[in-house]
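Novice: Here's my sequence, what's the structure:
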Amino acid sequence: MLAIQVDQPGGPEVLKVADLPVPVCGPDQLLVELAFSGVNFIDIYQRQGIYPMPSPYVPGLEGSGVVIEVGSSVKGFSAGDKVAWPSSLGSYSQVHAVNAASVVRVPDGVSLDVACAAMLQGMTAHYLMASLYEVKPGDTALVHAAAGGVGQLLCQMISNRGATVVGTASTSEKAEIARQAGASHVIRYDTEDVASKAKELTDGIGVDVVYDGVGLATFDGSLASLKRRGMMALFGGASGMVPPFDLQALSRMGSLFVTRPTLADYIVGPGEMQWRADEIFAEHLAGKLNFAIGNTYALKDASTAHTDLAARKTTGKLLLVTK
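Specialist: Take a look at the predicted model:
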């Protein structure tokens, strides 16, 4: 089978196509022929060595496909089942052996490209607005990079729950994408001060919650946008990692809350991952949640996908076509 392999940390050029043996299906695993693999910022962090990885390794955490073999200890799955997963290293490949406990079932009516797009980004958006901070009608949420993959999903999910979304975007095109996804207001962070505009839109009070996957470039403005006792979820660092921070500032700014969550801690409970997936798929099948597939790339063009994502010039979900 073909797969992408990384021999050492580095730039996009270290993503090499390799002809590797088809993995053996372990007793607790499913062997899956992939249709799509998702491209995410965590893949870039791992490739760069920010998150140390074994060497060599096959990157990619997110995928979707069809089961071709079922491990001897696995119950409830059969060859031909459609499945997807948010976090199983080695997904930049044509065939992947994934732990059965790490996959979700994909229902009829949900395509495999949508299923892949619904995994890491969809579940991230879901835990952020349903569990980390439970969005309620009347709340106001600031969503950075509202035209991005997670951003568009957050806009839709939050507005579907009767809350107001204030999005940020850098171009008029991206601002329109955010509005179509459910943002009531869009702040052009290239020409406007985010915190000042957020306070203006909330009559000087500030927003209830900020969802920030950008990091270094937005961190200070995110904090300044919050109301007293507001919550900031720093769930990524697309512009760079936030340096050490003086926690006393949270007190001075109004007893603020800041958390640096990760999806892995929100899909560990019994049935929690399938529950999130079921809610996401149901919302999609009801016509209330659209997954914007941005660019798709052949497996061999994984380096181009990484370059495009890192440049923050894309909108929607980036996928590798693995067949």
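
Novice: What lies in contact with the longest helix seen in the chain?
Specialist: Ranked by residue count under DSSP state H, the longest helix found in the chain is helix 272-285. Helix 272-285 is contacted from outside by 84, 86, 102, 104-107, 109-110, 114-115, 118-119, 122-123, 126-127, 130, 157, 160, 266-267, 289-291, using Cβ atoms under 8 Å, 6 or more residues apart in numbering. Glycine gets a C-beta too; all of them are placed from N, C-alpha and C.

Novice: Please identify the buried residues of it?
Specialist: Going by neighbour count (16 or more other Cβ atoms under 10 Å), the buried part of helix 272-285 is M273, R276, A277, E279, I280, F281, E283, H284.

Novice: picking up where we left off before, just the contacts of helix 272-285: which are in helices?
Specialist: Mapping the contacts of helix 272-285 onto helices (DSSP H) picks out V114, A115, G122, M123, H126, Y127, M157, N160.

Novice: Could you dump those into TSV and include distance to G80 and pLDDT?
Specialist: As requested, the ones in helices among the contacts of helix 272-285 are exported to TSV (distance: Cβ to Cβ, whole Å; pLDDT from 0 to 100):
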residue	distance to G80	pLDDT
V114	19	96
A115	15	97
G122	24	94
M123	24	95
H126	27	97
Y127	30	98
M157	31	98
N160	33	97
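
Novice: Which stretches in the stretch 151-300 of the chain count as strands?
Specialist: Applying DSSP state E, counting those that start in this stretch to the stretch 151-300 of the chain gives strands spanning 164-169, 185-188, 207-212, 226-234, 257-259, 293-298.

Novice: and the longest one, how far out from the chain's middle?
Specialist: Going back to what we said before, that points to strand 226-234. 21 Å (Cα atoms, centre = their mean, to the nearest Å).

Novice: what angle sits between that strand and strand 207-212?
Specialist: Orientation check (axes from the mean of the first three to the mean of the last three Cα atoms, to 10 degrees): strand 226-234 against strand 207-212 gives 20 degrees.

Novice: what's strand 226-234 packed up against?
Specialist: For strand 226-234, the packing partners by 3 or more Cβ pairs under 8 Å, 6 or more residues apart in numbering; DSSP states H and E come out as strand 207-212, helix 219-225, strand 257-259.

Novice: List the buried residues in the longest one.
Specialist: Of the residues in helix 219-225, those scored as buried under the neighbour-count criterion (16+ other Cβ under 10 Å) are F219, G221, S222, L223, A224, S225.

Novice: Now do that helix: everything it contacts.
Specialist: By Cβ under 8 Å, 6+ apart, helix 219-225 touches 142, 144, 189, 193-195, 198-199, 206-207, 210, 212, 232, 234, 242, 245, 249-250, 253, 256, 258.
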